[in-house]
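1. need a structure here:
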Amino acid sequence: MPTARTIQYVKRTKAKGRFYYYFDTGQVDENGKRIWKRLPDPKDRAFGATYAAMLGHRSRRENVAIELTVAKLVDLYQASAQFEKLAVATQRIYRIYQTELVDKLGSAPAQRVERKDIVLMLDKMADKPAAANMVMKASSAAYSWGRKRGHITNNPFTDIDPMEVGEHQPWPEHILDAALKADGEVRLAVHLLYYTAQRIGDVASMRWRDIDGDRIIMTQEKTGKPLEIPIHTELSKELDRHPRSLSTILGKEPTKYRIDRLRTDIQAFCAELGVKVVPHGLRKNAVNALLEAGCSAAETAAISGQSLQMVEHYAKRRSQSKLGRTAILKWQRNGK
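-> Numbers count the residues shown, from 1 in each chain. The predicted model follows:
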């Protein structure tokens, strides 16, 4: 008689001196853990029929999974309740980058796509690392959903590291101006990022209670550096437009999800204007604005919390013409 070790998809465990048998359904739960179903003892007459039924269900699911194309999987995901729960901006940007996956692998059976196929696709986008990372993030979301729903059993995006995006560039002036005049939370987030010159993680963690009169008192998460940032007049006006509470200034989700949502919403807003940016680019905009206004490297560093060397590094794109006008005005005021 065959044992559990020789019967396909069956495992045997022992507890309190007794053996128990379980069938691998080929599915995973919402936490990504494999789902096993209890079988009768092999000596039980019901074992054969129960095993045959479970094997049949698994085989049918696998056949359907093999026939399900990548394009159809993406369509199912975008029509799902989980996708519907995403913010409108997130839905928009996921559609943009999932289209890249469909263009490249849309006709392939979703179940048969392997990690090497995804790596090759992303490597062909090496000249656009930020876009490649978004394709991976958006497409992995569709595959994760498909696994949880039992449509597929694989996720070819597992253990693929994101690409290095290199040095972040400052935003074009017209995009910054548009974002500062936008509606909703994108406007508030951009005001905070630009007028404090901080990272998105620090901005997402700012609470209303961190505002002390005309200053924001904070400690940078990455460096541990305490800062007292005077509140710019334009930021003060924007903050006055929002009711204060005991929570964070931007949303109430856990910080990780808040950061992801803010980044996605901001990038989606700029993508609609035809420009791909990262929120961190606003830090360069702020450093350049401070230097172009005549601030010294030390004064600029007192706002951004960077080293003097980093301020100079960030300032490579500052406007020579603006600096020149500032220099002449200072010279003229000096009277010599």
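2. list the contacts for A71?
-> By C-beta atoms under 8 Å, 6 or more residues apart in numbering, the residues touching A71 are 102, 106-107. No exception for glycine: its C-beta is placed from N, CA and C like everyone else's.
3. now flag whichever of these is closest to T233.
-> Closest approach to T233 among these (C-beta to C-beta): V102, at 47.1 Å.
4. make sure that closest one is actually in contact with V74.
-> Yes. The pair V102 / V74 is scored as a contact, 5.6 Å apart, by C-beta atoms under 8 Å.
5. which one's more surrounded, those two?
-> Taking other C-beta atoms under 10 Å, V102 and V74 do not tie; V74 has more neighbours (25 against 18).
6. so who does that one touch?
-> Residues near V74 by C-beta under 8 Å, 6+ apart: 98, 101-102, 106, 139, 142.
7. with secondary structure, distance to E272 and pLDDT added, can I get the residues you listed in TSV?
-> Converted to TSV, these look like this (DSSP: H, G, I helix; E, B strand; the rest coil; distance: C-beta to C-beta, whole Å; pLDDT from 0 to 100):
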residue	secondary structure	distance to E272	pLDDT
Q98	helix	17	94
L101	helix	21	95
V102	helix	21	95
G106	coil	24	93
S139	helix	21	96
A142	helix	22	96
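8. let me know the closest of these to L329.
-> For the contacts of V74, the residue nearest L329 by C-beta to C-beta is Q98; the value is 51.2 Å.
9. do you know how far the closest residue in space to L308 that isn't next to it in sequence is from E312?
-> Nearest residue to L308, sequence neighbours excluded (C-beta to C-beta, 6 or more residues apart in numbering): A297, at 4.9 Å. With distances taken as C-beta to C-beta, to the nearest Å, A297 is found 6 Å from E312.
10. dump the contacts of A71 into JSON lines; add distance to L282 as well.
-> Below are the contacts of A71 laid out as JSON lines (distance: C-beta to C-beta, whole Å):
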{"residue": "V102", "distance to L282": "32"}
{"residue": "G106", "distance to L282": "35"}
{"residue": "S107", "distance to L282": "40"}
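11. now the strands for the stretch 201-336 of the chain?
-> Taking DSSP state E, counting those that start in this stretch, the strands of the stretch 201-336 of the chain run over residues 211-212, 215-219, 226-230.
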